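In: Predicted model and sequence follow; I will ask about them next.
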Amino acid sequence: MTLLRRGLLSLPLLAFAGAAGAQSKLVVPLAWYGVRVEDNAFTVEMPGVPDHRVVNDVSVRGTAFQLHSYSIETGGYSYVAQTALYPADVDVSQPRAILQAALAGRVQQLIGRQWTRTDWRELSGATAVESIGALAGGNALRQINLLKARRFVSLAFLGSAAGATGVEAERFFKSLKLPA
């Protein structure tokens with residue numbers, strides 16, 4: 001084949017390649033993974049393999065315990081799942097008081113230092129509170145915290161205000177499974 005003919009045959013391919021480049025970027029769906037957290041405390045689905053960190057903490061009376069945190073940032077959103085088994089010196093007889101303290105601990109970062117919505121309920125035999133609050137830049141923090149016996153569980157989603165009630169956030173929160 002002559003050089004001229006090869007050049008003419010490749011022109012339509014180059015034109016097509018240019019047109020393909022002008023099209024919108026291919027969106028690859030997120031791969032969701034089931035994550036079983038420390039001590040099989042619960043499972044949750046996350047859009048990727050999360051980082052796992054252990055934070056050493058102490059109760060008010062000075063007893064050491066660990067908070068396990070699983071987090072991932074992807075697609076413009078942050079997903080966090082945390083759990084801790086409170087030591088015996090933590091009074092868990094009033095779960096709402098402990099969960100209220102968790103809410104108060106995060107309210108400082110919200111616009112107006114208040115939650116937009118707070119819903120108390122029971123989830124898998126545990127006292128739970130779901131909350132949403134506005135952050136600067138049109139973002140929102142949505143979380144669910146629960147206390148089942150001595151087990152504290154927290155899921156948090158950070159992203160755009162619309163994303164906080166979107167498909168990804170819903171999938172994340174609805175995937176939470178506690179053992180019986």
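Out: Everything's here; your move.
In: After the helix or strand bottoming out on mean pLDDT in the chain, which helix or strand is next? Please name it.
Out: Counting by mean pLDDT, DSSP states H and E, the weakest-scoring helix or strand in the chain turns out to be helix 3-22, with a mean of 40. As assigned by DSSP states H and E, the chain's next helix or strand after helix 3-22 is strand 33-36.
In: now what about that next one, what contacts it?
Out: Applying Cβ atoms under 8 Å, 6 or more residues apart in numbering, the contact partners of strand 33-36 are Thr43, Val44, Glu45, Met46, Pro47, Gly48, Val49, Pro50, Tyr70, Ala81, Ser175. C-betas here are computed from N, CA, C, even on glycine.
In: What's the ChimeraX line that selects buried ones from the residues you listed?
Out: Remark: buried members of these, expressed as a ChimeraX selection using 16 or more other Cβ atoms under 10 Å:
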select :44,45,46,47,50,70,81,175
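In: so where does the closest residue to Asp89 other than its chain neighbours fall, helix or strand?
Out: Leaving aside its chain neighbours, Asp89 sits nearest to Arg61 (4.4 Å; criterion: Cβ to Cβ, 6 or more residues apart in numbering). Arg61 belongs to no helix or strand when assigned by DSSP H and E.
In: tally of neighbours for Arg61?
Out: 10 (other Cβ atoms under 10 Å).
In: quick one: it and Gln100, what's the gap?
Out: Counting by Cβ to Cβ, to the nearest Å, the separation of Arg61 from Gln100 is 19 Å.
In: Strands of the protein, start to end?
Out: Here the chain has its strands, by DSSP state E, at 33-36, 43-46, 51-58, 64-74, 77-85, 117-123, 126-134, 139-148, 151-160.
In: Can you add mean pLDDT and give the ones you listed back as JSON lines?
Out: JSON lines is the format used below for these (pLDDT from 0 to 100):
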{"stretch": "strand 33-36", "mean pLDDT": "92"}
{"stretch": "strand 43-46", "mean pLDDT": "96"}
{"stretch": "strand 51-58", "mean pLDDT": "96"}
{"stretch": "strand 64-74", "mean pLDDT": "96"}
{"stretch": "strand 77-85", "mean pLDDT": "96"}
{"stretch": "strand 117-123", "mean pLDDT": "96"}
{"stretch": "strand 126-134", "mean pLDDT": "97"}
{"stretch": "strand 139-148", "mean pLDDT": "97"}
{"stretch": "strand 151-160", "mean pLDDT": "96"}
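In: With distance to Lys148 as new columns, can the contacts of strand 33-36 be given to me in CSV?
Out: Shown next, in CSV, are the contacts of strand 33-36 (distance: Cβ to Cβ, whole Å):
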residue, distance to Lys148
Thr43, 14
Val44, 14
Glu45, 19
Met46, 20
Pro47, 25
Gly48, 27
Val49, 26
Pro50, 21
Tyr70, 18
Ala81, 15
Ser175, 17
